[in-house]
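# Quick one, what's the 3D model for this:
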Amino acid sequence: MYCVLQVQQFMKAARNGTKDGLEKTKLAMIRKVSFLQRKDSTGEGKDDAGYMDVSVCELKHPPPQLCPMPEGLNSQQIVRRLILSSIVQSESSYLDSLKRILQEYQKPLLEPQNWILNLKKVRQIFYRVQEIHQCHSMFQIALASRVAEWDHSEKIGDLFVASFSKSMVLNVYSDYINNFTNAMALIKKACMSKPKKQASSPDRITLYGLMVKPIQRFPQFILLLQDMLKNTPKSHADRLPLQLALTELETLAEKLNEQKRVADQEAEIQQLAHSMGDRNFNKLLNPEQRLLIQCELLTEIVYGDKGQVLKSKERKVFLLNDTLICANINLKGPPDISSLVPVGPKYTMKWCAPLLQTQVVEVGRDSLQNRDSKNHLVQHLTEKLNVTPCVSGKVFLGPPRLYQELEELQHDLAVVEEVSLLVGTLHGTYQNLNTTVSQDWCLALQRLIRLKEEEIQNANKCRLRLSVPGKPDKSGRPVSIMVVFNTPSPLSKISWVNRLHLAKIAQKQENTPGWECAEDDGKTKAPLSFPLLTCKLPVFSPRTHTLKVGAALHSPSQSSLLGFCTASTSLPQGYLWVAGGGGISNHGQVEIFSLNRATPRLVKTVPLRAPVLCLEYVKEWCPSAEEEAEKTQSAVKIGNIICVGLQDGSIHVYSSVDTAVQCLLTLVNPDSCPVVCLKHSLSFLFAGLASGKVAVYQRKTGGECPLNAPAALMLVSLGSEPVCSLLTIEDAVWASCANQVTVIQGSSLHTQSFEAHSDPSYSVSHMGSSIHLFHTETLEPLQEVNISTRTTHLTPGQVCVSSLLICQGLLWVGTSQGIILAFPVPTLEGIPKITGKGMTSLNAHCGPVDFLVPASSTLASDLLRRDSILNTSEEDEGGQRLEQSSYSQHSGGSPQREQTPKRLLLQYRLHSTCQLPGKLLTAQPEQGNLRAPPDSLEHSPEDGSIYEVSEDPDVWVRGRPVEWGKDGEARRSKVTSTAIFSGGRGYRRIGQIASADTCSDSTENTLLVWQIPLTLSQ
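Now for the predicted structure:
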């Protein structure tokens, strides 16, 4: 009875929903409850302090069970009950699996009479399983209480916050995930060394299938809570706790990923150093050069004179922060079964090249290299290039045999064209010998030439060609070596090209270091984990120093002329509009920069009659199929537009694709007040005015003009102070005036206001050094952060926030002192709370940061497509087999697939044990040896079951079946390029003595351009 009362205290703590309620209750009860005991140290060098053995009597604490469904529930309540039932069932199944591992595997192996494995290996195989079972046993007790009260409270989110926000959960799961590969290798070796001691499970569920479940648990939780949140009304009491729960789970996932990344990096570097010999490795690289950016198994290809593959061999390529290493993989001899640490591949360094002297050779660049070869001796050790220009003047780069076939087709076309001219001179009429037939021959050959050109381009999508420095020849002239690798997929090549490019940028003075972390825990940071300063760009000519930069925006535009590698290294494709004004003449100016390269290039300057205060990019209305059919006979549509707000109260409208930059329409407001800010929704264009009003303009759904009339539809009065900022959230617009924020709702234009700061003298855009977070549904304040205490470089009391931006999981904060801070924030449906101290950019402006603008574009889908016309042996090695086989399985129709979330952050990069001998470890029942062929890029069952739930980019490319979208078309992954632009006066380097490299004219308008590594989404 006493134990029952104590457990009820646990349940009460869970019901209270406090973040550390359960933890405090356990600490208070630990000396009183007999079934809670401190776990002794294992003696294996691992710290187990703070973990407790929990034995729960199922008779007194039965597993949670939902009561029969009451009548009168609405559809959302029914769905929420079903999701809760799924949570209960999955948690019960998960606990059964953990208990089975402990009872059926660990316990028998620890018994003295068995001695199949020594105790040290057994403890390492099942490391942290007991602690994970304890965490979820306590969670199930609290879950049973919530399930019993579900029909009265319908709350579950705060239980997840209380249960999984503790550091204990992070520690045990991190230890388990980091140890998983070693544990599986030990199991595999034990099966090899003790074949007679193995037995089949009655239900054919393997030990591997049980051990992989903890890795899948948090992705399952995230998916279930996302579904629960979708079916929770905005006014429901559980909505905010669910959002907080998703925030906690996402934060936990990010920490697990970071710890896994650090562990993997250390393991790879140690393996490389061990293979090369520690002394040689230390001589080659100092400790600052051992930051691993990327490593992958690539296939080196050697071609003959006629394009035939002479040799292909797998190499392990390591990209470090300033060095590129290519290593042979030595798998001679069986692994040492008696060794505790699993034996990985032995590496032998083939070559090592400085990163800054390594170049990626792109399609069409061979002609330049051939000209340079007059001054530099080029040794083609891995491939003899045979470049043949086509008739159109293009230069291709690929297998020589394809070029030979292309040259033959071009020769045949020239002959057929001559024959066609001769046929046209015939006086008689002959069957199958006339001008029509000869023209058909020409068209057919032209089509074959286009297919051959496309085949060559596609062949290069998985071919990474590098020019690396070699030893000088006898005369001392430099020698470059061309090496060719086949990557597993186009995405892999894009990743390599992008990482090589950014790793070189990271070596620049302004990026060494580029950011200062406030909470430096001593752990190695990934070299590309911070945004990299790509370039510093002066805006407006030096003669117009009186002009002040005021606004900027990115106008996306795909360019089909960019090569494969150029698209991987350039800034987000499109144009950057930078505007400002002022000066003696009080005029405005817009400068347009092309971003289709590594650095922006000025292409157009547009003078205006008044200073520009704001810019807005308005996307074209996407009509339905019926509306599209009705407009087929209407005027030509304009497309996306750019609105320019001027100080004289007018708004100029331009087409985003018009290179002439002609004004399509001029909008006016009745008071001719300066247009301070602009935002658009689906139905309206909103203009914040200096008079404290918001002018609302009606948007049209199509036609020549994107707006109904040049005059405002209505004016919404907010106060007497200027409307400083506008923010669009779904179909509502948030407008700030003084210390008030007004929400203008959808098409009804109804308003709702609240006070963002208690002091009326404060403005929302300049609320001192504080950032305030509000809930968009309840308008409740959630967090206040004072940025002046987050870095020592800001002067307290003299700083205010001048600009804000959230992009790619980072909150960028521009300050009045020119310093930029960045804070990591969650990106799922949770609450974007600031939890860490953040980081400070050491590259700053001399004056206030006037704006922070994101630029983002998606690489063209044809860059990722691998067409079926590839039929040569070397192309088959690149992964074509996977997509063809997946398509054949579903060719009968498009399967109905449940839509998965766009992003799931728990992407563990677990190393496979496939390279070790013995049977593959799989979660599926045994069906013979399912080992994939050596050249197959499909994951084995061992790898596939790891990522059954987790959405890992590597598996999207290499192991998962093709996702199917609408109309039976395969859903392609999207590769997104992102850059951040900050605008202000001058440039300075924080913490360094002023020089020409570390500072610029403090009166010069300057853009700082940051680039972020390519990201993958679906």
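# in the stretch 501-650 of the chain, which spans are strands?
Ranges of strands in the stretch 501-650 of the chain, per DSSP state E, counting those that start in this stretch, are 515-517, 532-538, 547-556, 574-582, 587-594, 601-608, 612-618, 641-646.
# name the helices or strands packed onto the fourth one?
The reference is to strand 574-582. Contact partners of strand 574-582 among helices and strands, from 3 or more C-beta pairs under 8 Å, 6 or more residues apart in numbering; DSSP states H and E: strand 547-556, strand 587-594, strand 612-618, strand 851-858. Where you see a C-beta, it was placed from the backbone N, CA and C, and this is true even at glycine.
# what's the closest of the ones you listed to Ser97?
strand 851-858 (39.8 Å; C-beta to C-beta).
# Output the contacting helices and strands for that closest one.
strand 547-556, strand 574-582, strand 801-807, strand 810-815, strand 974-985.
# Neighbouring strands of it in the sheet, and parallel or not?
strand 974-985 (antiparallel) (DSSP bridges).
# Now the element after the strand it pairs with, going C-ward?
strand 988-989 (DSSP states H and E).
# Please work out the average pLDDT along that next one.
Mean pLDDT, computed over strand 988-989, is 91.
# and after that strand, which helix or strand comes next?
Going down the chain from strand 988-989, the next helix or strand is strand 1005-1017, by DSSP H and E.
# Direction included, what does that following strand pair up with?
strand 532-538 (antiparallel), strand 974-985 (antiparallel).
# For the last one, list the C-alpha coordinates in PDB.
It refers to strand 974-985. Taking C-alpha atoms only, strand 974-985 is exported to PDB below (Å, rounded to 0.1, in the frame of the first residue of the first chain):
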ATOM      1  CA  LYS A 974      15.100  18.900 -53.500                       C
ATOM      2  CA  VAL A 975      18.600  20.400 -53.000                       C
ATOM      3  CA  THR A 976      18.300  24.000 -51.600                       C
ATOM      4  CA  SER A 977      21.000  26.600 -51.800                       C
ATOM      5  CA  THR A 978      20.800  29.400 -49.100                       C
ATOM      6  CA  ALA A 979      22.600  32.600 -48.600                       C
ATOM      7  CA  ILE A 980      22.100  35.500 -46.100                       C
ATOM      8  CA  PHE A 981      22.700  39.200 -47.000                       C
ATOM      9  CA  SER A 982      23.200  41.900 -44.400                       C
ATOM     10  CA  GLY A 983      23.300  45.600 -45.300                       C
ATOM     11  CA  GLY A 984      24.800  48.500 -43.500                       C
ATOM     12  CA  ARG A 985      27.600  51.000 -43.500                       C
END
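# Flag every buried residue along that strand.
Residues of strand 974-985 classed as buried: Val975, Ser977, Thr978, Ala979, Ile980, Phe981, Ser982, Gly983, Gly984, Arg985 (neighbour count, 16 or more other C-beta atoms under 10 Å).
# Met69: which of the strands of the stretch 501-650 of the chain is closest?
Set against Met69 and scored by C-beta to C-beta, the strands of the stretch 501-650 of the chain come closest in strand 612-618, at 47.6 Å.
# What residues of that closest one count as buried?
Across strand 612-618, burial judged by 16+ other C-beta under 10 Å covers Val612, Leu613, Cys614, Leu615, Glu616, Tyr617, Val618.
# Dump these to TSV, plus distance to Thr348 and pLDDT.
Formatted as TSV, those follow (distance: C-beta to C-beta, whole Å; pLDDT from 0 to 100):
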residue	distance to Thr348	pLDDT
Val612	61	94
Leu613	63	94
Cys614	60	94
Leu615	57	95
Glu616	58	94
Tyr617	53	93
Val618	58	90
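# Which single one of these is nearest to Leu409?
Tyr617 (44.4 Å).
# and the protein, what are its domains?
1-11+55-267, 508-539+782-863+972-1017 (the TED database).
# okay if I get the strands of the stretch 501-650 of the chain as TSV plus distance to Gln294?
Converted to TSV, those look like this (distance: least, C-beta to C-beta, whole Å):
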stretch	distance to Gln294
strand 515-517	20
strand 532-538	15
strand 547-556	27
strand 574-582	27
strand 587-594	29
strand 601-608	29
strand 612-618	34
strand 641-646	38
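# who wins for proximity to Arg477 among those strands?
It's strand 532-538; of those, that one is closest to Arg477 (C-beta to C-beta) at 33.1 Å.
# can you tell me the average pLDDT over the closest one?
Mean predicted confidence for strand 532-538 is 92.
# buried residues in it?
Buried residues in strand 532-538 (16+ other C-beta under 10 Å): Leu532, Leu533, Thr534, Cys535, Lys536, Leu537.
# just curious, which of the residues you listed is nearest to Val302?
Using C-beta to C-beta, these come closest to Val302 at Leu532, 34.8 Å.
# need the contact list for the residue nearest to the closest one when sequence neighbours are not counted.
Excluding the flanking residues, the one nearest Leu532 by C-beta to C-beta, 6 or more residues apart in numbering is Ile505, at 4.9 Å. The contact partners of Ile505, taken as C-beta atoms under 8 Å, 6 or more residues apart in numbering, are Asn511, Leu532, Leu533, Thr534, Gln1011.
# ok, the second one to Pro287 distance?
Yep, that's Leu532 we're talking about. In this view, Leu532 and Pro287 are 22 Å apart by C-beta to C-beta, to the nearest Å.
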